[in-house]
Each structure stands twice: as structure tokens, then as C-alpha cells.
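J.: Okay, structure incoming, though there's no sequence with it:
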Ligand SMILES: Nc1ncnc2c1ncn2[C@@H]1O[C@H](COP(=O)(O)OP(=O)(O)OP(=O)(O)O)[C@@H](O)[C@H]1O
């Protein structure tokens with residue numbers, strides 16, 4: 001193992017220690033609530049809101065009078081020992097009405113925010129993640145809702161259904177739901193194309209799991225802030241309607257009390273003070289709480305998954321992974337009459353529609369195959385179509401990409417059948433993460449920063465292999481050891497930012513082989529790594545491929561990597577496959593001028609390729625010359 005990996009492991013070790021001791025610059029392992037309570041803003045808002053909530057709940061017990069009990073012999077009275085906040089113009093006790101008003105105010109704010117979230121959040125998640133027609137229709141509905149004059153709609157509803165606070169708040173919740181929709185959709189769009197979302201898809205997670213795990217965690221904090229703000233607005237709107245005399249006169253609410261105080265402002269100005277103070281404290285408390293929770297959540301995400309891990313180790317249900325694997329494999333039957341290879345790409349064409357209606361081909365008439373236990377290198381300069389070919393096999397082409405010809409078979413089954421214009425996601429979702437896995441180019445961008453490495457390894461295994469979390473944890477630790485990570489326990493607990501690029505790539509390799517795939521597609525797996533780590537990662541890849549008898553497609557622009565690692569090589573230029581053969585053939589006798597140029601640029605001024613010296617029983621190749 002290289003020094004760099006050692007030092008990376010050491011630095012991760014030291015981080016782990018620091019995390020435990022809570023030193024600055026490290027992840028502080030505390031609960032969201034603890035973080036909230038460390039924040040003066042959090043404490044102040046919690047004290048205010050909890051006090052108001054407790055008082056509202058206990059109103060029937062602690063209020064000295066019924067909300068509408070009127071003592072007409074004591075109107076507009078100043079505070080005394082019986083009526084501690086005085087009475088209104090009908091002789092009703094202000095303190096009692098304030099308490100009952102708190103109940104109604106808080107519940108109506110909750111109802112309004114709940115309705116808005118129930119409509120706006122799922123719609124925003126679906127529109128942001130899937131886009132397409134649903135997004136177009138949602139945008140249309142949202143535009144209509146936003147163009148409605150809210151106050152007039154509320155007045156109309158009040159006229160139609162009577163002065164019910166609940167109906168007004170449901171209507172207001174619907175009117176305000178576009179704010180949740182837009183917030184959620186924008187947040188989802190910002191992460192939808194992140195590599196770690198693609199990686200999650202490749203690891204076999206369903207869309208629902210990806211939305212719940214990777215996408216929802218991004219929108220959660222803004223939603224909480226928004227909810228605090230919207231609850232405050234709901235209180236203000238509800239009180240405003242009641243202040244205008246449009247509320248239910250039989251109910252004691254802060255808006256009605258405000259109106260009552262306003263009418264008597266010259267006689268008893270203090271009547272205006274109490275409901276105004278209650279509203280200001282509640283709305284201010286909500287805003288402060290929203291901000292404090294947002295701050296706490298930024299680290300709280302990590303806590304949640306520690307708890308999940310603790311539950312995982314307590315989980316005793318186990319399933320035999322070998323059986324799970326066997327049952328998975330039995331699903332894939334070989335189509336009769338097809339020449340059998342692990343992957344067979346036949347005359348594949350991929351294109352993108354252009355503004356003038358034409359389709360620009362970026363992969364054109366490409367054919368090759370890969371079998372178990374062999375490594376095929378796809379080599380070519382930047383833009384030659386290597387990644388587009390690999391993404392066609394993985395089903396990760398962008399939405400606007402079109403299959404313009406040919407077919408792809410995996411283990412005899414078509415994932416792209418002749419005549420298809422898109423990769424069948426339905427067929428591929430049964431294979432991705434289970435039988436086909438992916439090692440990406442940029443290790444850091446392919447790990448979700450919000451989840452620990454262990455969590456990201458365990459989740460696909462539980463799902464795909466059907467094993468318990470405890471067993472998946474054991475397997476993940478073994479895999480981390482297998483890929484040369486010195487302290488697997490610590491790496492398992494670490495977040496992606498706590499490990500080096502080389503370690504992150506090892507983690508992704510561990511993830512790629514975790515569900516015992518038949519095919520691994522590695523897209524420039526060493527490009528983003530320090531040169532000192534590249535050789536280690538390639539060695540690891542070769543060792544695992546031989547031990548597990550996996551088929552590998554290695555996308556690279558580097559003939560040196562091909563020479564060191566691959567059995568066969570396909571050379572691509574401008575979307576076309578110009579030459580294909582065994583590595584020895586191509587390196588010894590390149591027929592195409594393009595291949596000769598590529599080889600020449602690699603060899604020019606370089607020392608002889610010592611890695612090509614053959615060793616009996618080894619996978620290394622003979623010298624070029
Ligand atoms: N979403 C897209 N829309 C239109 N053209 C695209 C899109 N993605 C890729 N292309 C084009 O497809 C061609 C092949 O790209 P591809 O990513 O496969 O190249 P590559 O050989 O993998 O290069 P690199 O080594 O730089 O990744 C390029 O000309 C590129 O501009």
C-alpha cells in the first residue's frame with residue numbers, strides 16, 4: 001500500500017479522534033436538539049413557543065373564566081387580582097380570552113402550513129426530479145394560483161362557507177402552496193444531476209429511495225425555514241381577517257381581541273397591547289426557531305444516520321447473500337438464438353437532436369463485446385464518444401439523448417432492442433447496481449456529502465442482496481479491508497469530506513463490487529487521483545477483477561492504463577470504433593493511423609513500458625517492442 005494511502009488513513013484517524021473530542025473544524029457528534037439548545041436563538045425561540053403552546057393546551061384548566069363569560073358590571077376594567085389583564089368592553093376576561101385565542105391561533109397556523117406542505121412538497125419533488133409533463137402542468141397550475149388575488153379569494157370563501165377559521169386556513173394553505181412547490185422544485189433541480197444521484201441510481205436504488213434519501217435531505221432545511229415563516233404569515237392573515245370583522249364572533253381569537261382593543265384604543269389602550277404582544281412573540285418565535293433548526297440540521301443529518309447504524313447492528317435478521325444472488329441471477333434468461341456474451345453492443349448509434357431538427361451522432365455504428373473475466377479498454381481522445389458508449393450500457397444517457405441505431409444485450413437480454421430510441425430504464429433498473437455497477441471518474445462528487453460512507457455502502461447491499469443491515473455492515477467492513485483501507489471501521493463511520501480522494505475511489509470500488517456484479521464499468525477511474533495513488537487503484541481493480549471473475553469495461557484516454565490492465569482494446573475516434581483487438585495486437589501492430597498517433601503520443605519521450613513485461617501466470621502483457 002502506498003504511503004499516500006497510509007497518510008490518508010492516518011489523517012482520517014486523527015479526524016475521527018478529533019470528532020470524538022469535538023475540536024473545531026471537525027464533525028461535532030451531537031443531536032439536533034443539543035445543537036439547538038447550544039444556540040441562544042434556539043433557546044429563546046423554544047422557550048417562547050413552548051410557553052405559548054403549553055398555555056394554549058392548558059387553557060381550559062388555567063383560564064379563570066370561559067372564553068365568552070361576560071361580567072357586564074365590570075367592562076373595560078383595569079387589571080386587578082381577579083382579571084389580571086383587565087376586561088374588554090363586554091366585561092370578558094382578557095387573560096382567559098388570550099389563552100383560548102392561543103389554541104385557535106396555533107392550530108390554524110399548523111393547518112395552513114400542513115395543507116401548503118402536503119400540496120407543494122410532493123408536487124415540487126416530483127416536478128424537480130422527473131421534470132417533463134408533470135412539471136409543465138404543475139407550473140401552469142402554480143401560475144394560476146399565484147395570479148389569484150389571495151385576499152379576495154379568502155373573502156369569497158368566507159362569503160360562501162361562513163366565518164370558519166378552518167376553511168379560511170385550508171384555502172390559504174392551498175393559495176400559499178406554490179411557495180413550497182417552487183422552493184422544492186428548485187432545490188431538487190439543483191441536485192438532480194449531481195453525480196452522487198447518478199451513483200445512487202447505478203447502485204440499484206429506486207427513484208423513491210433516491211428522492212427520500214438523497215433529494216429530500218437537500219430540501220428539508222429550506223422547507224423548515226419556510227414553514228416557520230408561513231406559520232407566521234398564516235397567523236397574521238388569520239388575525240387580519242378577524243380584525244376586519246370577518247372571523248367567527250363566537251370564538252376568542254387574537255384577531256378579534258385586536259379589533260376589540262382597536263375600537264377602545266382611547267379608553268383602554270392596554271387592550272390592544274396583549275393580543276399584539278402575543279402575536280409578535282409567536283411570529284418572532286417561529287422565525288427564530290426556523291433559523292435555529294436550519295443551523296442545527298446542517299450537522300444534525302449526521303446524527304440521524306448514526307442512530308440508524310446503531311439500529312442496524314441490533315438487527316438480527318439475516319439472509320444468505322449467496323441465495324439472494326442466485327435468485328437474482330435466475331431472473332435473467334438468455335434470449336434464444338443470440339450469440340452469448342456478457343455484454344454485446346451491436347452497431348450502436350447515439351445522437352442528440354439539434355435546433356434544426358437534425359440529430360447529431362456522437363456514437364456511430366459501434367460494436368464490441370465483453371465477457372466475464374476480461375477487461376475491455378475503450379480508448380480515445382476527449383470527445384471521441386467513450387463515455388456516451390459506456391452510459392448507453394448503464395442507461396445513464398441524458399433525457400434528450402436518442403438511440404439512433406443498433407442494440408445492446410446484457411447476458412443475452414436486450415437492454416436496447418433493435419428499433420428502440422431510448423435505453424429501457426425498466427430493463428436496466430433490474431440490472432443496475434445488481435449485475436452491472438459503475439466506478440466513476442470523480443470519487444468525491446459521487447459520494448453524497450450528507451451520508452456516511454458506511455451508510456452509502458450498506459443501503460444498496462440491504463436492498464439488492466436482501467441481507468440485514470448488521471450483515472451488510474460486516475460485509476462493508478470486509479470490502480473496505482479488501483480494497484486496502486487500513487482502518488475500515490473509521491472509514492465506515494466517516495463522511496466523504498473526511499477521506500482523501502484515493503480513499504474515496506477505493507470506497508467507490510468497494511461499492512461497485514459490493515453486490516457481486518458481473519460487469520463493472522469504470523470511467524477514467526484514476527483521472528481525478530494523485531499520480532502516486534493511480535497505480536495502486538489500478539492494481540486493486542485488476543486484482544479484484546481476477547479474483548471475482550468480473551467483466552470490466554474500462555473507459556480511458558490513456559494507452560498506458562490499457563497496456564497495464566486490459567485484455568482487449570477498442571479504439572474510438574469521433575464516435576466511431578476505428579480499431580479493436582487484443583492489447584498485444586494493437587500495441588504491436590496498430591493498423592489505423594489514429595491508433596498509431598495515440599500510441600505515439602503516449603510513447604514519445606517516455607521510458608519503455610516495463611509493465612508490459614510478461615510474467616508467467618500473471619495478467620501482465622509482453623513488451624510492445
Ligand atoms: N448532453 C449532451 N448533448 C449533446 N452532446 C453531448 C452531450 N453529452 C456529450 N455530448 C457529445 O458527445 C460527444 C462524445 O462525448 P463523450 O463524453 O462520450 O466523450 P469522451 O470520449 O468520453 O470524452 P472525455 O474523455 O472527455 O470524457 C462529445 O462531442 C460531446 O460533446
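T.: Thanks, I have it. Every value quoted in this text rests on a predicted model; they were computed, and no experiment measured them.

J.: all contacts plus neighbour counts: C-alpha atoms, from now on.
T.: OK.

J.: what sits against residue 58?
T.: Not one residue lies near residue 58 by CA atoms under 8 Å, 6 or more residues apart in numbering.

J.: Could you check how far it is from the ligand?
T.: Residue 58 sits at a distance of 60 Å from the ligand (criterion: CA to the nearest ligand atom, to the nearest Å).

J.: Could you pull up phi and psi at that residue?
T.: phi -90, psi 10 (degrees, to the nearest 10).

J.: where in the stretch 501-625 of the chain is pLDDT low?
T.: Within the stretch 501-625 of the chain, the segments meeting pLDDT under 70 span 528-533, 602-625.

J.: Which single residue in it comes nearest to the ligand?
T.: Here the residue of the stretch 501-625 of the chain nearest the ligand is residue 557; by CA to the nearest ligand atom that distance is 6.1 Å.

J.: Pretty sure residue 380 is one of the things that residue touches, is it not?
T.: Yes - using CA atoms under 8 Å, residue 557 is in contact with residue 380, at 5.1 Å.

J.: of these two, who's got more company?
T.: residue 380 (26 against 22; other CA atoms under 10 Å).

J.: so the more buried one touches residue 386, yeah?
T.: Yes - between residue 380 and residue 386 there is a contact at 7.0 Å, judged by CA under 8 Å.

J.: which residues are in contact with both of these two?
T.: 556, 572.

J.: pLDDT score for the residue nearest to the spatial centre of the chain?
T.: Centroid-nearest residue in the chain, with CA atoms, centre = their mean: residue 214, separated by 1.7 Å. You'll see residue 214 listed with a pLDDT of 76.

J.: quick one: average confidence on stretch 452-462?
T.: Per-residue scores along stretch 452-462 average to 89.

J.: How far away from the center of its chain is it?
T.: Mean-position distance between stretch 452-462 and its chain equals 14 Å (CA atoms, centre = their mean, to the nearest Å).

J.: what about the closest residue to residue 439 other than its chain neighbours, is that helix, strand or coil?
T.: Excluding its sequence neighbours, the residue lying closest to residue 439 (CA to CA, 6 or more residues apart in numbering) is residue 522, at 4.5 Å. Secondary structure for residue 522, judged by DSSP: H, G, I helix; E, B strand; the rest coil, is strand.

J.: for residue 522, what are its contacts?
T.: 438, 439, 440, 441, 552, 553, 554, 555.

J.: where along the chain do the strands fall?
T.: 343-353, 359-370, 375-379, 402-410, 413-416, 436-439, 519-523, 551-556, 568-573, 576-582 (DSSP state E).

J.: so can I have TSV of the ones you listed showing distance to residue 39?
T.: Listed next are these as TSV, based on distance: least, CA to CA, whole Å:
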stretch	distance to residue 39
strand 343-353	52
strand 359-370	54
strand 375-379	54
strand 402-410	52
strand 413-416	53
strand 436-439	41
strand 519-523	45
strand 551-556	49
strand 568-573	58
strand 576-582	60
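
J.: May I have the beta-bridge partners of the nearest residue to residue 94 once chain neighbours are set aside?
T.: Among residues not flanking residue 94 along the chain, residue 87 sits closest, at 5.2 Å (CA to CA, 6+ apart). Beta-bridge pairing of residue 87 under DSSP bridges involves residue 93.

J.: For residue 268, see how far away residue 87 is.
T.: Applying CA to CA, to the nearest Å, the value for residue 87 to residue 268 is 10 Å.

J.: Looking at those two, which is more packed in?
T.: Neighbours were counted for residue 87 and for residue 268 using other CA under 10 Å; residue 87 has more, 27 against 19.

J.: Could I get the contacting residues of that one?
T.: Residue 87 neighbours (CA under 8 Å, 6+ apart): 74, 75, 76, 77, 78, 79, 93, 94.

J.: Most neighbours among those residues, please name it.
T.: Most surrounded of these: other CA under 10 Å gives residue 93, at 29 neighbours.

J.: okay but it is in contact with residue 79, surely?
T.: No - Residue 93 is beyond contact range of residue 79, at 9.7 Å (criterion: CA under 8 Å).

J.: Return every residue with contacts to both of the two.
T.: What both residue 93 and residue 79 touch, as defined by CA under 8 Å, 6+ apart, is the set 85, 86, 87.

J.: Excluding sequence neighbours, find me the nearest residue to the first one.
T.: Going back to what we said before, that points to residue 85. Nearest one to residue 85, counting by CA to CA, 6+ apart, is residue 79 at 4.6 Å.

J.: Same question for residue 65.
T.: residue 96 (5.9 Å).

J.: Give me the number of neighbouring residues for that neighbour.
T.: Residue 96, neighbours per other CA under 10 Å, totals 25.

J.: quick one: it and the ligand, what's the gap?
T.: Counting by CA to the nearest ligand atom, the gap from residue 96 to the ligand is 65 Å.

J.: mind listing what that residue touches?
T.: Counted by CA under 8 Å, 6+ apart, residue 96 has contacts 59, 63, 64, 65, 66, 67.

J.: in the stretch 51-200 of the chain, which ranges drop under the pLDDT threshold?
T.: 193, 195.

J.: one more time with 80, if that's ok
T.: 132, 151, 162-163, 190-200 (pLDDT under 80).

J.: what residues does it put near the ligand?
T.: Counting by CA under 6 Å from any ligand atom, no position of the stretch 51-200 of the chain is adjacent to the ligand.

J.: Equivalent analysis for the chain, please.
T.: So the chain meets the ligand at 352, 362, 381, 382, 383, 384, 385, 386, 387, 388, 398 (CA under 6 Å from any ligand atom).

J.: can you rerun that using 8 Å?
T.: For the chain, the residues in contact with the ligand (CA under 8 Å from any ligand atom) are 351-352, 360-363, 379-390, 397-398, 400-401, 524, 555-557, 572, 574-575.

J.: For residue 506, see how far away the closest residue to residue 509 other than its chain neighbours is.
T.: Distance criterion CA to CA, 6+ apart; nearest residue to residue 509, sequence neighbours excluded, is residue 439 at 6.1 Å. For residue 439, the distance to residue 506 equals 10 Å [CA to CA].

J.: Then residue 244?
T.: 66 Å.

J.: now swap in residue 441 and tell me
T.: Counting by CA to CA, the gap from residue 441 to residue 506 is 12 Å.

J.: which one of the two has more residues nearby?
T.: Taking neighbours as other CA under 10 Å, residue 441 and residue 506 compare with residue 506 leading, 26 against 20.

J.: Now the more buried one: closest residue in space, sequence neighbours ignored.
T.: Using CA to CA, 6+ apart, the closest residue to residue 506 is residue 483 (5.8 Å).

J.: got the contact list for that neighbour?
T.: 506, 507, 509, 510, 540.

J.: Just those: which are in helices?
T.: 506, 507, 509, 510, 540 (DSSP state H).

J.: burial of the last one, as a residue count?
T.: Going back to what we said before, that points to residue 540. Based on other CA under 10 Å, the number of other residues close to residue 540 is 16.

J.: which residues touch it?
T.: Per CA under 8 Å, 6+ apart, neighbours of residue 540: residue 483.

J.: what about it, distance to residue 509?
T.: When residue 540 is compared with residue 509 (using CA to CA), they lie 9 Å apart.

J.: In this structure residue 261 contacts residue 268, no?
T.: Yes - between residue 261 and residue 268 there is a contact under CA under 8 Å: 7.4 Å.

J.: Let me know the outermost residue of this protein.
T.: Largest centre distance within the chain, by CA atoms, centre = their mean: residue 73, 64.1 Å.

J.: what's near enough to touch that residue?
T.: Taking CA under 8 Å, 6+ apart as the test, what residue 73 contacts is residue 91.
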